[in-house]
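Enquirer: fold the stuff below for me.
(2 chains)
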Amino acid sequence: MAEGLLKEGIVAGRLPPEAYAENFGDLHPPLDHHEALVESDRCYFCYDAPCMQACPTTIDIPMFIRQIGNGNPLGAAKTIFDQNILGGMCARVCPTETLCEEACVREAAEGKPVQIGRLQRYATDTAMARNRQFYERPAPTGRKIAVVGAGPAGLACAHRLAMHGHDVVVFEVREKSGGLNEYGIAAYKTVDGFAQAEVDYVTAIGGIRIENGKALGRDFSLADLTAEYDAVFLGAGLGGVNALRAEGEDADGVANAVDFIETLRQADDLAALPVGRRVVVIGGGMTAIDAAVQSKLLGAEEVTICYRRGQEHMNASDYEQDLAAANGVAIRHWLQPKKVIAEGGRVAAIELEYTALRDGRLAGTGEMLRIEADQVFKAIGQSFDAAPLNGSGNSIAMENGKIRVDAEGRTSLAKVWAGGDCVADGREDLTVSAVAAGRDAAESIHRALSA
Amino acid sequence: MADIRNNFLGIRSPNPFWLASAPPTDKEYNVVRAFKAGWGGVVWKTLGEAGPPIVNVNGPRYGAIWGADRRLLGLNNIELITDRPLEVNLREMKQVKRDWPDRALIASIMVPCEEAAWKAILPLVEETGADGIELNFGCPHGMSERGMGSAVGQVPEYIEMVARWCKQNTRMPVIVKLTPNITDIRYPARAAKKGGADAVSLINTISSITSVDLDDFSPEPSIDGKGSHGGYCGPAVKPIALNMVAEIARDPETRGLPISGIGGVTNWRDAAEFMALGAGNVQVCTAAMTYGFKIVQEMIEGLKNWMDEKGHATLDDIIGRATPNVTDWQYLNLNYVAKAHIDQEACIKCGRCYIACEDTSHQAITSMVDGVRHFEVMEDECVGCNLCVNVCPVESCITLVPLAAGTMDERTKKKVSPTYANWTTHPNNPMAKARVAELAE
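Expert: Numbers count the residues shown, from 1 in each chain, chains lettered A, B, ... in the order given. All right, here's what the predicted structure looks like:
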């Protein structure tokens, strides 16, 4: 046992140096050529395929799999990119077990769906490794569109606009582009700098300029954009993190899970990244799982996810929950945080109250549980920070704390579209949904500009 | 327990599974391994006349096609007959027959189409103690260019002539191995019988090019950028072989002529099918070349198990049992009406039945019912063609269900007739009308 494992507090270097590369290696290694052929052969090429209907971007899955099976992975990649230019990332991070692979008829037949995600990665990796571009930018239309946010929605929107010959300027508050792909997803899902490689691949079409370090509400206002550009697409994501509403949550050692994940993703040396010996993660979604599993992989001895409702209510997929369990993370249900107990200003434990559903409403039972912890991560959801918009002089209609849009992604403001996590459009907060929203908004913008 | 001992032309073997004349039977070493594994007999790889040994190519001899997971479905070869000296083969055959007296050992022979050549080799073979000879009139590649193999098998007169020479010059049973590279297999079979042959074996391999290399445009297998057609065998050829066996078995001119069935036999079921259509035993090659000799154990046990379950005591109880059921199209019962039925519990909703029927057949399957994905046969459109059954990936999910006599066929709006009626008497058949007129006169 590495001696770092038992150190109290939040410390770095819990594991032997060589352990980090192995722990944070590719979660699903890519299929090799033969594996891809065998797997592609399992696809039945269904009529009006259920997998395709289940894909938020409606990729023609049977077709791309048939192309792989017939030795045409580049054609397969084009089939994917036609619908989803971020098909490479989606192949890695999509919860396929609740989307295409859940709908796969072989899931119904034998509980073993075609591995669509891994086949998609095989095709897109092949195209990207050969730096094969499928889309040529037509003659410039002279139209200029501003995109706010270089995450999945913004990139998908920008690429589709560029395909129509428009000029796009993307304003991104962070140093790097990619949004959650770069900052918000567990490292083992997207290794070897894939997020940046994908940004380069997408923008290689031309006509897209990304300005990093430019913040809406600080460096420019929405009114500036609507004045200067023919159209604006808001793909700003969620900037706020929900509070625990537990006593003492400002103690040292209590952090946002998204910040932890971001720090980990940007770390050059994981051995230098501190983590607690006993970690508690509050939440029940993908972010909670990503934070918990990565804490464990960094060498935390005990990692516990506490979720205030039951297993069946968790936003994290069954697959993600199994992944956490397989990595030694304990998931406890029906517990809500009440108090962070600090010693000397540092978190020492967390006190939680058991919960139950009473008449359909969640309520504390009064029974308490104390879990020792030297690090607590909050992963109870993110919120849209509307301040930068509101301060811009425009008044944009909101819905449930997010931007209201119609079916095409149009906001209440003329010339302004929006998509991705920052809107209330009924889509799930997934990379693939953001791609679909960005793409569809781009088509809507193009139609509007062509009218 | 079923008795699967085989008696073919008086040649006895413990089971009906022989290895066909091919690379697996080229020398003592392989044959002994085969006998140890349990094979009932072997047809030794084809012997040529004495003299300078046969020369083979030094590049690939085989090409193939594959199914899922590189399962080998068809194999093609351009290897010639044995390239070992005749005396070595004869010496080894004699030794093997002495060591394994209960197994069948047949010598395959291919020498030039001259009586002297056959007269010269037959006594040498007889001296080994071989149980019989098989005349290789089948190989379509290489040797055929020199007037042997399929070049003989494609000319019924030559078959008859050589068979006669052999019968006149040896006491050994004579089996004529037929090439499928002809238009009607009955003609060469009749010729073999006319020449006095004791049996025929079929099929030999089918002339074939397995694929083309799309980088250098060379046919496969490629020898320095060029290819020559090879002989095709393996599971892919089985349906062709079954039909040819049945054609000979039911031809009035050759009925009763013993047949050794060859062509894609891979398991006990294939063997049982060949025998049911009239083969007295089977010969296997590609399956052994794919998986090794051990497969014979599955064949033996599988055949016995099936025979026990069905109450067949000996091979004679199954040989030829399906032959009377092979008929001409004109005698098929046109009053037999069947409709496809989809088991909704088993259906996984892939929709392949729907799109096959919709795009390419009779538009007789639904894809959506009340807004829900649902595949169901419309009996008023279904002609019972069986395509949906064949494309369905789930076994027994779609079945063809015969309509009982007296029930309504919703497509024709006619009640199903209880009587048998075929094309020969069908009102739409001009010949039938002529015959009716003829009878009236």
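
Enquirer: residues touching the closest residue to B:Leu75 other than its chain neighbours, list them.
Expert: Distance criterion C-beta to C-beta, 6 or more residues apart in numbering or on different chains; nearest residue to B:Leu75, sequence neighbours excluded, is B:Gly234 at 4.4 Å. Heads up, the C-betas are built off the backbone N, CA and C, glycines and all. Taking C-beta atoms under 8 Å, 6 or more residues apart in numbering or on different chains, we find B:Gly234 in contact with B:Ala64, B:Leu72, B:Leu73, B:Gly74, B:Leu75, B:Gly264, B:Thr266, B:Thr286, B:Ala287, B:Thr290.

Enquirer: report the two of the residues you listed separated the most.
Expert: Greatest spatial distance among the contacts of B:Gly234 (C-beta to C-beta): B:Ala64 and B:Thr266, at 14.3 Å.

Enquirer: quick one: buried residues of the lowest-mean-pLDDT helix or strand in chain A?
Expert: Using mean pLDDT, DSSP states H and E, the weakest-scoring helix or strand in chain A turns out to be helix A:387-390, at a mean of 80. By 16 or more other C-beta atoms under 10 Å in any protein chain shown, the buried positions in helix A:387-390 come out as A:Pro388, A:Leu389.

Enquirer: what do you get for stretch B:192-203?
Expert: Along stretch B:192-203, these residues count as buried under the neighbour rule (16+ other C-beta under 10 Å): B:Ala192, B:Lys193, B:Lys194, B:Gly195, B:Ala197, B:Asp198, B:Ala199, B:Val200, B:Ser201, B:Leu202, B:Ile203.

Enquirer: so the first one: helix, strand or coil?
Expert: Classification of B:Ala192 using DSSP: H, G, I helix; E, B strand; the rest coil returns helix.

Enquirer: now do the contacts for the closest residue to it other than its chain neighbours.
Expert: Spatial nearest neighbour of B:Ala192, excluding adjacent residues (C-beta to C-beta, 6+ apart): B:Val176 at 3.9 Å. Applying C-beta under 8 Å, 6+ apart to B:Val176 gives the contacts B:Glu134, B:Leu135, B:Phe137, B:Ile159, B:Ala163, B:Pro188, B:Ala192, B:Gly195, B:Ala197, B:Ala199, B:Val200, B:Ser201.

Enquirer: assumed the fifth one was part of a helix.
Expert: Yes: in this structure, B:Ala163 lies within a helix as judged by three-state DSSP.

Enquirer: how about the secondary structure of A:Gln336?
Expert: At A:Gln336 the chain is in strand, as set by three-state DSSP.

Enquirer: oops, could you answer that again for B:Cys382 instead?
Expert: Classification of B:Cys382 using three-state DSSP returns coil.

Enquirer: what does stretch A:172-181 rub up against?
Expert: A:86, A:89, A:93, A:149-155, A:170, A:182-183, A:190, A:195-196, A:198-199, A:210-216, A:235, A:237, A:421, A:431.

Enquirer: how about stretch B:175-192: buried residues?
Expert: Residues of stretch B:175-192 classed as buried: B:175-182, B:185-192 (neighbour count, 16+ other C-beta under 10 Å).

Enquirer: and these, which two are furthest apart?
Expert: Of all pairs drawn from the buried residues of stretch B:175-192, the widest gap by C-beta to C-beta lies between B:Ile175 and B:Asn181 and measures 18.7 Å.

Enquirer: state the phi and psi torsions of residue 302.
Expert: Just going to use chain A. When read as degrees, to the nearest 10, the backbone of A:Glu302 gives phi -130, psi 130.

Enquirer: pretty sure it sits against A:Ala292.
Expert: No: counting by C-beta atoms under 8 Å, A:Glu302 sits too far from A:Ala292 to count as a contact (10.7 Å).

Enquirer: with neighbour numbers in mind, choose between these two.
Expert: The neighbour count for A:Glu302 versus A:Ala292, taken as other C-beta atoms under 10 Å in any protein chain shown, is higher for A:Ala292 (31 against 18).

Enquirer: host element of that one?
Expert: Following DSSP states H and E, one finds A:Ala292 within helix A:286-297.
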